[in-house]
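In: sequence-free structure coming up:
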């Protein structure tokens, strides 16, 4: 199992002591990859058989599973039990996933909270702070 972090050069903080401190030391234990075009990388990974999961409170309306033809739903992260090669995509604080990144996703996951309303993304953790200032 390989765990790494992929960041897009545009709109990302450079690797620095501040970024390391913000990561609470996790930066020291992760491999960091950088790219110029995140949607292109995600689509290439999808073509190579990777599962691309976007973190979201709910699945975007109108997105269809390419394999089944069914609308995509947002699954609870703890319910994913298989060991397929997976890229988990986190959006920016406030804006979430960008449109082209969302379109590259093969599915969506949410992190359930303690006061969940239902399993289709209507509650749970609404935002993760993945920014460094």
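Out: Now that the structure is in, tell me what you want to look at. Keep in mind that what you see is a predicted model, and the values were worked out from it rather than measured.

In: Please report how far the spatially most distant residue from the centre of the chain lies from residue 41.
Out: Residue distances from the centre of the chain (Cα atoms, centre = their mean) peak at residue 17, which lies 24.3 Å from the mean C-alpha position. Relative to residue 41, residue 17 is positioned 27 Å away (Cβ to Cβ, to the nearest Å). Yep, even glycine has a C-beta here, placed from its N, CA and C like the rest.

In: What of residue 66?
Out: Distance, residue 66 to residue 41, by Cβ to Cβ: 18 Å.

In: where does this protein have low pLDDT?
Out: 1-3, 93-94, 114-133 (pLDDT under 70).

In: for it, longest helix please?
Out: Determined from DSSP state H, the single longest helix within the chain is helix 38-47.

In: report the angle between the axes of the host helix or strand of residue 53 and helix 38-47?
Out: Assigned by DSSP states H and E, residue 53 falls within strand 51-55. Here strand 51-55 points in a direction 140 degrees away from that of helix 38-47 (axes from the mean of the first three to the mean of the last three Cα atoms, to 10 degrees).

In: tell me what strand 51-55 is packed against?
Out: Applying 3 or more Cβ pairs under 8 Å, 6 or more residues apart in numbering; DSSP states H and E, one finds that strand 51-55 contacts helix 38-47, strand 86-89, helix 99-104, strand 107-110.

In: if I look at the spatially most central residue of the chain, how far off is residue 20?
Out: Geometric centre of the chain, nearest residue: residue 89, 1.7 Å, by Cα atoms, centre = their mean. Separation of residue 89 from residue 20 (Cβ to Cβ): 22 Å.

In: in stretch 5-22, what's buried?
Out: Burial within stretch 5-22, assessed by neighbour count using 16 or more other Cβ atoms under 10 Å, is assigned to 6-7, 12, 22.

In: re earlier: and the longest helix of the chain, what's buried?
Out: 38-39, 41-43, 45-46.

In: could you redo those as a markdown table and give each row distance to residue 75?
Out: Shown next, in a markdown table, are these (distance: Cβ to Cβ, whole Å):
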| residue | distance to residue 75 |
| --- | --- |
| 38 | 22 |
| 39 | 22 |
| 41 | 23 |
| 42 | 18 |
| 43 | 21 |
| 45 | 19 |
| 46 | 17 |
